[in-house]
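>>> generate a structure from the sequence data that follows.
(one chain, ligands or ions: 1)
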Amino acid sequence: MPTPGPTRILVLTDGSLPALVATLLAIEEAANTVFLRFEPGSRPAPKSRRRACQRLIELYDLPELIETAPPPPELPISTRLLHSCHTAIELGCRRLVWPVSLGDDLDAAASAAEHAACIERLLGLEVPRQERPQLTTPLLDLTRAQIADLAHDLDAPLQGAWWCQEEGDPPRPTTTRSHTSFPGCGACPPCQRWLAHLSDQPPALAAPVVRPRQAPRVKPKP
Ligand SMILES: [Zn+2]
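Alright, predicted model coming up:
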């Protein structure tokens, strides 16, 4: 039985900017006891997304990426979340972060919040309170613009996310503080959607910020 650490956090990630922002928020709170579970779902470019997650792990010296076989597309999100909750329990994490962001779609946000609440209630039926992870959705009602603002406030290293529609070469880290250092291609639809908001930010946002490595990593309990 793992010993739950009060600050251990498991973040679900698909290599997107919301997942990057959620990871940085978790790191601010829990230093090097943040675990990333890679779940690209049906998102495009899973290999490139995985590489972006690895870069983030290297930047912050986080524990190894947790991966599972890609879930079948028909598998409902509630099933995947429940499975991730059990991974959190195995790791001794007291919180599972689901970085879903639905902006102004209030109905979708309400549905996602209900999903999270139902899963917590379900866990409550069979998992002791002291082992039960809290399922949180810190970005639930944020828009793209608000997430871009948050990324700026957190000095987000943008190479820790994948931006493009298609697979490609890993973005090259650069120290140039200009928008030309945006790590995506800048031309595909996802890049353009994000650049529309990132362009409102000071140039520093487009440059990666390499932070000092954290204290020695914490390995998950066997
Ligand atoms: Zn692109």
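
>>> the top helix by length along the chain packs against which elements?
The helix spanning the most residues in the chain, taking DSSP state H as the definition, is helix 106-126. For helix 106-126, the packing partners by 3 or more C-beta pairs under 8 Å, 6 or more residues apart in numbering; DSSP states H and E come out as helix 77-91, strand 134-136. All C-beta spots, glycine's among them, are computed from the backbone N, C-alpha and C.

>>> list the contacts of the last one.
If I follow you right, that is strand 134-136. Here strand 134-136 makes contact (C-beta atoms under 8 Å, 6 or more residues apart in numbering) with L81, C85, R94, R95, L96, V97, W98, A116, I119, E120.

>>> and the most centrally placed residue in the chain, how far from the ion?
Central residue check for the chain by C-alpha atoms, centre = their mean: the C-alpha nearest the mean position is that of A19, 2.4 Å away. Distance of A19 to the ion, computed by C-beta to the ion, to the nearest Å: 17 Å.

>>> in the chain, which spans are strands?
9-13, 34-38, 66-67, 95-97, 134-136 (DSSP state E).

>>> quick check: bridge partners of the nearest residue to E39 once chain neighbours are set aside?
Sequence neighbours aside, L12 is the residue nearest to E39 in space, at 5.5 Å (criterion: C-beta to C-beta, 6 or more residues apart in numbering). Beta-bridge partners for L12, by DSSP bridges, are R37.

>>> my guess is L12 contacts P18. True?
No - checked against C-beta atoms under 8 Å, the pair L12 and P18 is beyond contact range at 10.4 Å.

>>> low-confidence stretches in the protein?
Scanning the chain with the threshold set as pLDDT under 70 gives 1-6, 32, 69-74, 170-180, 200-222.

>>> the ion contacts on that one?
Contacts of the chain with the ion, taken as C-beta under 5 Å from the ion, map to C164, G184, C185, C188, C191.

>>> which of those count as buried?
C164, G184, C188, C191 (16 or more other C-beta atoms under 10 Å).

>>> widest-spaced pair of the residues you listed?
Farthest-apart pair in these is G184 and C188; separation 7.4 Å (C-beta to C-beta).
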